[in-house]
Structures are given as structure tokens and as C-alpha cells.
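Engineer: take a look and give me a structure for this.
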Amino acid sequence: MKLVVGLGNPGKQYELTRHNVGWWVVDHLADVWHFEGWRKDRDALVSDGRIGTTRVRLMKPQTFMNLSGNAIAPYMRREGWSAATDLLVIVDEVALPLGTHRFRAKGSAGGHNGLKSIEAHVGSQDYARLRVGIKPPDERPVGDLSDFVLGKAGKAERESIAEQLPALVSLVEGWVQG
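Structural biologist: Take a look at the predicted model:
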């Protein structure tokens, strides 16, 4: 089973924040792929389905960002499951310009607390990650990083991210299918 984890923070107050971009993407994947409805599974909401013959689980950890790894800990104990081949984490990235994204098969957390938590539970940097850019296009200073990522994304920002969704769906489908 492939596990696609969108990182975000639980609670209505965080719904439209830049830090919840990972959740926006997995919500879109669930809609496009016509997966079953979201249900509670331990520390996460999950939605299951298939892409071709491959079982896929979408996940939205219900812990706060810096504890995201807790939700994937049970998968680490599954026989035959490997983070290196079966885990894709989708996150916001303040170092990438809005309207861009970057996929890597492995790499560092790059200062992202959600990825640091995942890395701690996986015990390595060998898992795929899809970073979705949230950096302002006009080079204005971000200021306090925490305030910026936890700030609500404006309409133009949300539209820019929405424009990328078809490309992100294709990219994730390609990863699922190998």
C-alpha cells in the first residue's frame, strides 16, 4: 500500500493557512480519484482507494505539524512496507516561489518541522516528498516565519496553488505507479 500524507494543522482556525497546503492537495486527490470519505484512524483522517491495481491511502495527520510523524509510526511496523518506496509526504515550502513545486525521492527536512517529525519516526531521509511553494512572488520579506506559514493564504495565493493541482495529481499518480 502506498501512503500519501498531506501535512497540516487540525482545527478550523488553520483551515486556510499556508501551512495546510498539504491537506489541500490530499483533499483534491481524494475528490479527483473518487476515494471513500475521510474517516478517523488513530492520529489521522484517512481515505482509501486504488490507482490502477495499487492500493493507496491518503492521510491527514490530526496532530499538530511538529508531531506529524506520530501518525505514520504504525506503518513503520507493517511487514513489507517501506518508507523509502511507499511513503510520499506533501508539504508547504516557504523557500519555493508560490506557483511552483518540487518533488524529491529523498532529502533533508530543510527546517520544516513536519518533515523533521516524519524523519525522526522513519529513522532516515529516504522517503519521497512533494514541496508546494508558498513564498510570495513579489520578494516581499516573509517576516516572522511562524506568523507567515500560520497566516491565512489570500485569494490570489489559493488560486495559484489551485492552478497547480492538475500537475500535482499527475505527479502523484506517476509516483504511485512507480
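Engineer: contacting residues around the longest strand along the chain?
Structural biologist: For the chain, the longest strand by residue count, based on DSSP state E, is strand 87-97. Strand 87-97 is contacted by residues 2-7, 18-22, 25-26, 72, 75, 102, 110, 112, 114-115, 118, 122, 127-135, 137, 142, 145, 148-149, 168, 172, 175 when judged by CB atoms under 8 Å, 6 or more residues apart in numbering. The C-beta positions use only the backbone N, C-alpha and C, and glycine is treated the same way.
Engineer: just the buried residues out of these, in PyMOL syntax.
Structural biologist: Burial among these is assessed by 16 or more other CB atoms under 10 Å; the matching PyMOL selection reads:
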select buried, resi 2+3+4+5+6+7+18+19+20+21+22+25+26+72+75+112+114+115+118+122+127+128+129+130+131+132+133+134+135+148+149+168+172+175
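Engineer: from the contacts of strand 87-97, which land in helices?
Structural biologist: Those of the contacts of strand 87-97 mapping onto helices are 21-22, 25-26, 72, 75, 114-115, 118, 122, 145, 148-149, 168, 172, 175, per DSSP state H.
Engineer: nearest to Glu157 among those residues?
Structural biologist: Nearest to Glu157 out of these is Val21 (CB to CB; 9.5 Å).
Engineer: follow-up on the earlier one: for the ones in helices among the contacts of strand 87-97, name the two members farthest from one another.
Structural biologist: Pairwise distances across the ones in helices among the contacts of strand 87-97 (CB to CB) peak at 31.0 Å, for the pair Tyr75 and Phe148.
Engineer: pLDDT weak spots in this protein?
Structural biologist: When residues are selected by pLDDT under 70, those of the chain lie in 139-143.
Engineer: so which residues of it form strands?
Structural biologist: Counting by DSSP E, the chain has strands at residues 2-6, 39-41, 44-51, 54-61, 87-97, 101-104, 128-135.
Engineer: burial count for Glu173?
Structural biologist: Using other CB atoms under 10 Å, Glu173 is surrounded by 16 other residues.
Engineer: might one say that it is in contact with Gly49?
Structural biologist: No - with contact defined as CB atoms under 8 Å, Glu173 does not reach Gly49; the gap is 12.0 Å.
Engineer: returning to what we had before: give the pairing partners of the longest strand of the chain; include direction for each.
Structural biologist: strand 2-6 (parallel), strand 128-135 (parallel) (DSSP bridges).
Engineer: what's the closest of those to Trp81?
Structural biologist: Closest approach to Trp81 among the strands paired with strand 87-97 is made by strand 2-6 (8.0 Å; CB to CB).
Engineer: contacts for the closest one?
Structural biologist: Contact with strand 2-6 is made by 21-27, 29, 51, 54-61, 68, 71-72, 75, 81, 86-90, 118, 172, 175-176, as judged by CB under 8 Å, 6+ apart.
Engineer: filter those down to the buried ones, PyMOL style.
Structural biologist: Buried residues within the contacts of strand 2-6, by 16+ other CB under 10 Å, are selected in PyMOL with:
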select buried, resi 21+22+23+24+25+26+27+29+51+56+57+58+59+60+61+68+71+72+75+86+87+88+89+90+118+172+175+176
